[in-house]
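>>> Need coordinates for the following:
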Amino acid sequence: MAATQGITFIGIGNMGLAAVLALRKANLPITIWNRTTTSPKVQSAIAAGATLEPSLSAALSANPLIIICLLDYPTITSLFSPLSPSLFTNKTIINLTNGTPRQSTAMQTLLTDRQVTSYFDGAIMVTPQMVGSPHSLLVISGQDESTFSSISHALSPIGNPQYLGPDITSASRFDLAALSAMYGMFAGGMAGMALLKRGPGSPKIGKTVKEQIVPIISALVEYLGLLAEAWDGERWGDSMGNPMGMQLEGVKNIVEACREEGVDGRVLEALRGQMEGVVGRFGADSGLAGLGILLLGEEGV
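Numbering: from 1, shown residues only. Predicted coordinates:
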């Protein structure tokens, strides 16, 4: 696709608007479609120079490259299933909607059956506020690297696009893995902050968290990579100086403190049970990487 050709963007929510504004800043011609045409976000996109097309069929017909950024995959299916397959002929579709690996495979099948030329699944790995910044990252999978290279110019204004390979599920797996790590941190962090709030006088915790706890957590982020390497090497007995039995006692104390202080600690109770399973299988001197076997439900090492 030539850089002078237009792009149709489907879905003008928070992330969709941020992406459209970044594309317009790069002077790319954009046709937009949104279920609600009068929303403030749609009006902001129009003010930035995007062309609103109220008809989905007409929007799909307008350009050879289609970018989708909707709430979920069922929404895409409900929109596209009734449409004529002829609307998808000679189209390249990049889907930036969050979903599961199975959903990405099903969408690939749906669009291939409608004769789409190329289908890519992807994700924007930053918040809307960071779209278009030097820190913005996109992960993309599907088709082949040569085809990806031919359309990457349409993604680079949004963020740095990284091609993860032809397996259509790769981008969604990466996206959900990163989000799982993030939300796991948030969940444990919120439980910890609740314990702080139970201190005398219901103290203000913002300064403590920002100036003391955040630096500790930041220093520990690298440990996740070490655990991944231990998992790859099946080094279940490698505690890296932090034996599972000792760590389990710490988590037990967190859960008990939550119970004593009237804090909902269920998010840590699940981890405690998994850690107990690792100790039972590999011993108290084993490492956190042993959680991998339990998480995958594997019987053998």
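
>>> if you skip the residues just before and after it, what's nearest to residue 26?
residue 157 (3.8 Å; CB to CB, 6 or more residues apart in numbering). In short, each C-beta sits where N, CA and C put it, glycine included.

>>> any idea whether the one you found is helix, strand or coil?
coil (DSSP: H, G, I helix; E, B strand; the rest coil).

>>> count of residues packed around it?
Neighbour count for residue 157, taken as other CB atoms under 10 Å: 19.

>>> Same question for residue 200.
5.

>>> Give me the distance between it and residue 113.
Using CB to CB, to the nearest Å, one obtains 64 Å as the distance from residue 200 to residue 113.

>>> got a list of what the residue nearest to residue 26 touches?
Each residue near residue 157 by CB atoms under 8 Å, 6 or more residues apart in numbering is listed here: 22, 23, 25, 26, 28, 132.

>>> For residue 211, see how far away residue 144 is.
48 Å.

>>> How about residue 258?
24 Å.

>>> now residue 105
From residue 105 to residue 211 the distance is 45 Å (CB to CB).

>>> Compare these two (neighbour count), which wins?
Ranked by neighbour count (other CB under 10 Å), residue 105 and residue 211 place residue 105 first, with 16 against 9.

>>> and the more buried one, what element?
In the assignment (DSSP states H and E), residue 105 maps to helix 101-113.

>>> Just the mean pLDDT for that helix, thanks.
Here helix 101-113 scores 97 as its mean pLDDT.

>>> ditto for stretch 222-231
The model assigns stretch 222-231 a mean pLDDT of 96.

>>> Number the residues from 54 up from this point.
Done: numbering now begins at 54, and the last item shifts to stretch 275-284.

>>> Longest helix in this structure, please.
Longest helix of the chain, by residue count under DSSP state H: helix 223-250.

>>> What's the first helix or strand after it?
Next helix or strand after helix 223-250 toward the C-terminus (DSSP H and E): helix 259-261.

>>> Could you give me the buried positions within that following helix?
Residues of helix 259-261 classed as buried: none (neighbour count, 16 or more other CB atoms under 10 Å).

>>> contacts for that helix?
Under CB under 8 Å, 6+ apart, the answer for helix 259-261 is residue 249.

>>> next structured bit after it?
Scanning forward in sequence from helix 259-261 by DSSP H and E, the next helix or strand is helix 267-285.

>>> Which helix or strand lies directly C-terminal to that next one?
With DSSP H and E, the next secondary element past helix 267-285 is helix 297-314.

>>> Buried residues, that following helix. List them.
Buried, per 16+ other CB under 10 Å, within helix 297-314: 297, 300, 301, 304, 307, 308, 310, 311.

>>> How much space separates the first one from residue 347?
In this structure, residue 297 and residue 347 are separated by 12 Å, where distance is defined by CB to CB.

>>> Equivalent analysis for the fourth one, please.
Here the distance between residue 304 and residue 347 works out to 15 Å (CB to CB).

>>> Also residue 167?
41 Å.

>>> Neighbour count: those two, which is higher?
Using other CB under 10 Å, the more surrounded residue of residue 167 and residue 347 is residue 167, with 19 against 16.

>>> State the phi and psi torsions of that one.
Main-chain torsions, residue 167, degrees, to the nearest 10: phi -100, psi 20.

>>> give the contact list for it.
133, 136, 138, 140, 141.

>>> ok, so what distance separates it from residue 196?
The value you get for residue 167 to residue 196, if CB to CB is used, is 16 Å.

>>> for residue 285, same thing?
28 Å.

>>> before we move on, back to that, what's the spacing between the helix holding residue 158 and its chain's center?
How far helix 154-166 lies from its chain's middle: 18 Å, per CA atoms, centre = their mean, to the nearest Å.

>>> and if you look at stretch 210-228?
10 Å.

>>> Okay then, goodbye and thanks.
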